[in-house]
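Asks: Sequence first, then the predicted structure, then my questions.
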Amino acid sequence: ELKVEQNPLFLSMQEGKNYTIYCNYSTTSDRLYWYRQDPGKSLESLFVLLSNGAVKQEGRLMASLDTKARLSTLHITAAVHDLSATYFCAVDGIFGNEKLTFGTGTRLTIIP
Amino acid sequence: NAGVTQTPKFRVLKTGQSMTLLCAQDMNHEYMYWYRQDPGMGLRLIHYSVGEGTTAKGEVPDGYNVSRLKKQNFLLGLESAAPSQTSVYFCASREAKSSGNTIYFGEGSWLTVV
């Protein structure tokens, strides 16, 4: 059974600093997603990573995927308050196993 | 969240009552999912469907039933609600994996069982 672990679970950081959220998964997968969720809201899609070595960037967020290590990272550069949210990674089963499994989330708080 | 609609958005149930959550999508998607979200536990998959007339169990299926009689609708039923089913429920849908990558989520349904 696919397991997805994120760390840290909670992250409090100052504006202007850099940090990385890690997402590890237990079995072979063919794609990985990153989502953002604001309190009381639904999930907002950030990135879809489809292959080993994939890197995607949007503003101050950059996601990467290493399928051999079964690891994805979400890097935050020069954090700003608007990035405060909970971030989830989610991992697809391989074809024929269509479950989408989520990590437990990382609650990010940016302190002015 | 365009295209995925959940009803109702809020509901309070008494223990033992039954109810059905409806998820409707207008994008002709093959796959549909029901998740529950509890504090500190992320989203856990309850049931999912890979096409009309099919359903499969997820991580936490006990106490729930589902049906996908029409492609655009995925129903989640609670036959006898328990306080442990107090949660936020999210529905999601997407195309077959060979056709696309985007997963669309509904706005969520807040359910309280007292």
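Replies: That came through, no problem.
Asks: what's the residue minimising distance to the centre of chain B sitting at in phi/psi?
Replies: Nearest to the geometric centre of chain B sits B:Trp34, at 2.8 Å (C-alpha atoms, centre = their mean). Here is the backbone geometry of B:Trp34 (degrees, to the nearest 10): phi -120, psi 130.
Asks: so who does it touch?
Replies: Contact analysis of B:Trp34 by C-beta atoms under 8 Å, 6 or more residues apart in numbering or on different chains lists B:21, B:23, B:45-48, B:58, B:64, B:66, B:74, B:76, B:89-91. Where you see a C-beta, it was placed from the backbone N, CA and C, and this is true even at glycine.
Asks: Output the lowest mean pLDDT helix or strand found in chain A.
Replies: Least confident element among the helices and strands of chain A, by mean pLDDT, DSSP states H and E: strand A:100-102 (a mean of 90).
Asks: Check which helix or strand the residue nearest to A:Ser12 when sequence neighbours are not counted maps to.
Replies: Nearest non-adjacent residue to A:Ser12, counting by C-beta to C-beta, 6 or more residues apart in numbering or on different chains: A:Thr109, 4.6 Å away. According to DSSP states H and E, A:Thr109 maps onto strand A:106-111.
Asks: Can you tell me the SS state at residue 5?
Replies: Unless you meant another one, I'm taking chain A. Assigned with DSSP: H, G, I helix; E, B strand; the rest coil, A:Glu5 falls in the strand class.
Asks: still on that earlier bit, give me the subset of the contacts of B:Trp34 touching chain A.
Replies: B:Leu45, B:Tyr48, B:Gly58, B:Phe90 (C-beta under 8 Å from any C-beta of the partner chain).
Asks: Which ones among the residues you listed map onto strands?
Replies: Secondary structure from DSSP state E places B:Leu45, B:Tyr48, B:Phe90 of the ones next to chain A among the contacts of B:Trp34 in strands.
Asks: Disregarding residues adjacent in the polypeptide, which is nearest to the first one?
Replies: Spelled out, it's B:Leu45. B:Gly58 (3.1 Å).
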